[in-house]
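*Asks:* sequence first, then the predicted structure, then my questions.
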Number of protein chains: 2
Amino acid sequence: MNRIESFRKICKEQGIKVTPQRTAIFDALEDSRDHPTAEIIFQAIRKRFPTISLDTVYRTLMTFVKIGIAHVVETQGNTKRFDANMEIHHHAHCLKCGKILDFYSADYDNLEVPQEIRNQFTVMDKKVVIHGVCKKCSQKQKDL
Amino acid sequence: MNRIESFRKICKEQGIKVTPQRTAIFDALEDSRDHPTAEIIFQAIRKRFPTISLDTVYRTLMTFVKIGIAHVVETQGNTKRFDANMEIHHHAHCLKCGKILDFYSADYDNLEVPQEIRNQFTVMDKKVVIHGVCKKCSQKQKDL
DNA sequence: TTCTTATATAGGAATCATTCTTATTTGTCA
DNA sequence: TGACAAATAAGAATGATTCCTATATAAGAA
């Protein structure tokens, strides 16, 4: 079963319609592994769907989050970024350029959630975020 | 040395002026342990500074981040939230109401950053984020 | 296949968060 | 106390996101 077929299947299961726009947005999101904004997805899709609206892109991405095939990435910024990587993974953020790197770590995956939190929260997800400055950006700083 | 005195000291060290607005914003941020937005700080301060502008609050909070006495909290939302808790700590987020709970864990603090990341990033900070639904919100859901 | 209807979309307006511009004010230091 | 760089207020501008509404369409029924 290929990507599009499995997308159709999920939509059916979740009771939402399989529209060409949704299919294109899903496809664009899966293609980009760099946590794109709605605007970036919008621009990418516009080539094939000249009349698509930015609102549709936002609405659709949020629908994907709701049905569990995408995540909103946590950031310090004021622009939502989306992630189609649904495997358990962690993030390293560059504080200068905003690049977000996915990485995997069994140690991090296996962390116990403290009892104190389990008492107060129904835990859905747990993730380590590392902040720093990427190589490219520290190089730039040196060049000044 | 009390809170205000130590604030004056930090400002002097960092070469920024000690203004009544900055002092009030610092004070309001320290008082609120619930990761307030600029708007919330603005409203809190307005009572005593009727002419303060929202821009000043934003600018000042970002200045505090720059000089290392506040953090911008990572969220999925599109509103910046600020944190005056500079101790190493971790966050649990309620996905329904947006509440953010600070918690402490030596195990989490001591996590090793994978070599793969250390090769590519100058690591500044590392934090565990837990997503879930808080007690109050799961109770609400049951009540429906 | 065609019809029906609930759902989804486009387009533009509206809203919310944040930043910029500029004239004025004010800490700070000589 | 005066000078000046830095900071502030006010409102305009920008950017991101959501809302409104008329139209279009996917999907199940006939």
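*Replies:* Noted; the coordinates are in hand.
*Asks:* contacting residues around the residue nearest to A:Gln14 when sequence neighbours are not counted?
*Replies:* In space, and not counting its chain neighbours, A:Gln14 is closest to A:Ile67: 4.4 Å by C-beta to C-beta, 6 or more residues apart in numbering or on different chains. Yep, even glycine has a C-beta here, placed from its N, CA and C like the rest. Contact analysis of A:Ile67 by C-beta atoms under 8 Å, 6 or more residues apart in numbering or on different chains lists A:10-11, A:14, A:16.
*Asks:* select from those residues the one having the most neighbours.
*Replies:* If you count neighbours using other C-beta atoms under 10 Å in any protein chain shown, the busiest of the contacts of A:Ile67 is A:Cys11, which has 19 neighbours.
*Asks:* touching, that one and A:Lys17? I think so.
*Replies:* Yes: when contacts are counted by C-beta atoms under 8 Å, A:Cys11 is listed as touching A:Lys17 (6.9 Å).
*Asks:* tell me the helix or strand right after the host helix or strand of A:Lys12.
*Replies:* Taking DSSP states H and E as the definition, A:Lys12 sits inside helix A:3-14. Once the chain leaves helix A:3-14, the next helix or strand it forms, by DSSP H and E, is helix A:20-31.
*Asks:* between helix A:20-31 and the helix holding A:Lys12, find me the angle.
*Replies:* 120 degrees (axes from the mean of the first three to the mean of the last three C-alpha atoms, to 10 degrees).
*Asks:* for helix A:3-14, buried residues please.
*Replies:* Counting neighbours by 16 or more other C-beta atoms under 10 Å in any protein chain shown, one finds that the buried residues in helix A:3-14 are A:7, A:10-11.
*Asks:* do the strand of greatest length in chain A and chain B meet?
*Replies:* Using DSSP state E, we find that the single longest strand of chain A is strand A:121-134. Yes: interface with chain B: strand A:121-134 contributes A:121-134 (C-beta under 8 Å from any C-beta of the partner chain).
*Asks:* ok, for the residue nearest the centre of chain A, nearest residue in space, not its chain neighbours?
*Replies:* Centroid-nearest residue in chain A: A:Asp83, 1.1 Å away (criterion: C-alpha atoms, centre = their mean). Leaving aside its sequence neighbours, A:Asp83 sits nearest to A:His71 (C-beta to C-beta, 6+ apart; 4.4 Å).
*Asks:* now do A:Glu116
*Replies:* B:Phe103 (6.2 Å).
*Asks:* just A:Val65 next, same as before
*Replies:* Nearest to A:Val65 is A:Val72, by C-beta to C-beta, 6+ apart, at 5.8 Å.
*Asks:* now do A:Gln139, the pLDDT please.
*Replies:* Per-residue pLDDT puts A:Gln139 at 85.
*Asks:* also the one 4 residues further on?
*Replies:* As summarised for this prediction, A:Asp143 has a pLDDT of 62.
*Asks:* same question, A:Asn2
*Replies:* The model's pLDDT for A:Asn2 equals 86.
*Asks:* against A:Gln120, how distant is it?
*Replies:* 42 Å (C-beta to C-beta, to the nearest Å).
*Asks:* repeat that for A:Ala38.
*Replies:* 32 Å.
*Asks:* who's more crowded, these two?
*Replies:* A:Ala38 (21 against 17).
*Asks:* thinking again about what came up before, shouldn't the residue nearest to A:Asp83 be in contact with A:Arg81?
*Replies:* No: when contacts are counted by C-beta under 8 Å, A:His71 is not listed as touching A:Arg81 (9.4 Å).
*Asks:* please report phi then psi for the residue nearest to A:Asp83.
*Replies:* Torsion angles at A:His71 (phi, psi; degrees, to the nearest 10) stand at phi -120, psi 150.
*Asks:* pLDDT score assigned to it?
*Replies:* 97.
*Asks:* the residue nearest to A:Val65 is in contact with A:Thr79, isn't it?
*Replies:* No: using C-beta under 8 Å, A:Val72 is not in contact with A:Thr79; the gap is 10.8 Å.
*Asks:* show me which of those two is the more surrounded one.
*Replies:* A:Val72 (19 against 11).
*Asks:* quick one, what contacts that one?
*Replies:* By C-beta under 8 Å, 6+ apart, the contact list for A:Val72 reads A:65, A:80-83, B:76.
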